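**Q** Sequence first, predicted coordinates after that:
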Amino acid sequence: MAITARPDSTAARMCQEVLCVEIDEEQSYEYKIDTFSIYNAFHFILDCLFAFLYRLDYKNNEKQTREKANTINQVKK
């Protein structure tokens with residue numbers, strides 16, 4: 001799955017599912033605010049997608065997360 005403003009992008013062509021997001025930004029005072037808002041909106045969407053996917057196999061994902069955390073803690077020591 002790709003999330004992109006350009007449906008003809010390389011990433012979009014490589015994916016079976018493409019979520020096109022129209023971004024109409026003007027070079028103005030609001031440009032920075034728009035960019036910040038868009039970044040936060042995409043971050044929220046990706047967090048939600050991750051949460052939904054994680055929940056599909058919660059027990060297994062939780063187990064893998066704990067194992068990875070233990071491995072990281074052992075490497076730090």
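**A** Good, I have the coordinates.

**Q** roughly how far apart are Lys63 and Pro7?
**A** Between Lys63 and Pro7 the distance is 38 Å, computed by CB to CB, to the nearest Å. Placement of C-beta: from N, CA and C, glycine included.

**Q** Toward the C-terminus from the longest helix along the chain, list the very next helix or strand.
**A** Determined from DSSP state H, the single longest helix within the chain is helix 30-56. The element immediately downstream of helix 30-56 (helix or strand, assigned by DSSP states H and E) is helix 58-76.

**Q** Helix 58-76 and the longest helix of the chain, what's the angle between them?
**A** Between helix 30-56 and helix 58-76, the angle comes out at 110 degrees (axes from the mean of the first three to the mean of the last three CA atoms, to 10 degrees).

**Q** Can you list the helices and strands that helix 30-56 packs against?
**A** If you count contacts as 3 or more CB pairs under 8 Å, 6 or more residues apart in numbering; DSSP states H and E, helix 30-56 packs onto strand 2-4.

**Q** so how far is stretch 36-46 off the chain centroid?
**A** 9 Å (CA atoms, centre = their mean, to the nearest Å).

**Q** which secondary element of the chain has the worst mean pLDDT?
**A** strand 2-4 (a mean of 80; mean pLDDT, DSSP states H and E).

**Q** Quick check: which ranges of the chain have low pLDDT?
**A** 22-33 (pLDDT under 70).

**Q** Centre-most residue in it?
**A** Leu46 (3.2 Å; CA atoms, centre = their mean).

**Q** Just give the number of residues close to Gln74.
**A** 8 (other CB atoms under 10 Å).

**Q** What of Asp57?
**A** Neighbour number of Asp57 under other CB under 10 Å is 11.
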